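K.L.:
Got a sequence here, can you model it:
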Amino acid sequence: MNQAEKNRICELIKQNEKTEIVINYTPKSGAAKRASKIGGKPDVPKDFEWPVYEGKDFEDIRKERPLSFIIQINLKDVAPYDKEELLPKQGILSFFYEMRSMNYGYDPANKGCAKVYYFPDENELEAMDFPAELEKDAIISEMKIVRIKNEESLPVYEQLLPDLEKLKKTEGIVCDDLDDYDECLQSCGVPIFEEGMEYYYEWAYRRIKLLGNPDVLQGRMEEECEGVTRGYYLGRGWQDVPEQEREEIWEKGKDWMLLFQVGTIDGYDDEYRWEYQGNLYFWIKKQDLKMRNFENVWLILQCL
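P.N.:
Numbers count the residues shown, from 1 in each chain. Next up is the predicted model:
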């Protein structure tokens, strides 16, 4: 690629730049009432029904189990960092996931294995005890949120594949692999992981954030969200999806955006992993977020 072509791809990268809200924590407990925190007992309304999901665990035992409480975010804490004003400005946003079945999200039957709740009035919330059926190793210890900050969020190579393919067809500019992509980033003054992709993966699966571009570990997820929520099983790839519908699914994939991403959580005595070195990605349709509808959030798990 010549410099003009590299600059054109860098322009495309910058067009897809977003702002992410990065969440840092300490293993220390003792979070204030209704504060942003990881794990512990969630603050919920008095009539809250703890979510459950029926699935198979690692021993292939199928039964209904309570979801694990992962994190609650007091939206007043993140409002100053929500530059595009995508999130509500107040209330509590809570995330749950069923850790024993640990579904990946490529099967329509995974619906319900993850839940997101939005409680607009935090004053109505009280800490709820864990259900008796929630196994001890599925309870995440309470940890304080100590810092929230903005970071530039650029798309990784996999995120831009549809745009790069379009650029190839319309302008004849070819960027077919990671080396080409990194070369473009470097030529445009964007820092990359000089230690290589191994360092990127080590970094990517230990982050917690709202919004921005996903830190991809395997591949694009927007089209997967659209396909699975239409009822297609994608555990074998796209072979079960009629060809005439694939193009529409890829187009409608643009309606989805990352709401929340969480990687490995390190406690004092425990480490909470999603498979081996994985991330949970909570995806939401842009219109649903605008309408404050969190009922249809879809979860994808990716791991190394």
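K.L.:
What ranges in the protein fall below the confidence cut-off?
P.N.:
Applying pLDDT under 70 to the chain flags residues 187-203.
K.L.:
quick check: longest helix of it.
P.N.:
Looking across the chain with DSSP state H, the single longest helix is helix 3-15.
K.L.:
Can you list the buried residues in it?
P.N.:
Residues of helix 3-15 classed as buried by neighbour count (16 or more other CB atoms under 10 Å): 5, 6, 8, 9, 10, 12, 13. Using the backbone N, CA and C atoms, a C-beta is placed for each residue, glycine as well.
K.L.:
Which of the residues you listed sits closest to residue 154?
P.N.:
residue 13 (6.0 Å; CB to CB).
K.L.:
Identify the residue spatially nearest to that closest one, adjacent ones excluded.
P.N.:
Leaving aside its sequence neighbours, residue 13 sits nearest to residue 154 (CB to CB, 6 or more residues apart in numbering; 6.0 Å).
K.L.:
got the buried residues of helix 3-15 as CSV, with distance to residue 126 columns?
P.N.:
Below are these laid out as CSV (distance: CB to CB, whole Å):
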residue, distance to residue 126
5, 59
6, 56
8, 55
9, 52
10, 51
12, 49
13, 46
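K.L.:
So residue 208 sits against residue 266, correct?
P.N.:
No. Assessed by CB atoms under 8 Å, residue 208 is found out of contact with residue 266, at 11.0 Å.
K.L.:
who's more crowded, these two?
P.N.:
When neighbours are counted by other CB atoms under 10 Å, residue 208 and residue 266 differ, and residue 208 comes out ahead with 22 against 14.
K.L.:
mind checking the SS state of the nearest residue to the more buried one once chain neighbours are set aside?
P.N.:
Closest residue to residue 208 apart from its sequence neighbours, by CB to CB, 6+ apart: residue 23 at 4.4 Å. Under DSSP: H, G, I helix; E, B strand; the rest coil, residue 23 falls in the strand class.
K.L.:
Test of understanding: give the bridge partners of residue 23.
P.N.:
residue 148 (DSSP bridges).
K.L.:
Now do the same contact list for it.
P.N.:
Counting by CB atoms under 8 Å, 6 or more residues apart in numbering, residue 23 makes contact with 36, 71, 73, 145, 147, 148, 208, 209, 210.
K.L.:
how about 6 Å then?
P.N.:
145, 148, 208 (CB atoms under 6 Å, 6 or more residues apart in numbering).
K.L.:
Count the neighbours of residue 109 for me.
P.N.:
Residue neighbour count, defined by other CB under 10 Å, stands at 12 for residue 109.
K.L.:
can you check the one 3 residues further on too?
P.N.:
Residue neighbour count, defined by other CB under 10 Å, stands at 15 for residue 112.
K.L.:
Correct me if wrong: it contacts residue 55.
P.N.:
No. Between residue 112 and residue 55 there is no contact under CB atoms under 6 Å: 8.8 Å.
K.L.:
Pull up the gap between the residue nearest to residue 208 and residue 93, please.
P.N.:
Computed with CB to CB, to the nearest Å, the distance linking residue 23 and residue 93 is 12 Å.
K.L.:
Equivalent analysis for residue 274, please.
P.N.:
Where residue 93 is concerned, residue 274 sits at a distance of 19 Å (CB to CB).
K.L.:
That concludes my questions; thank you for your assistance.
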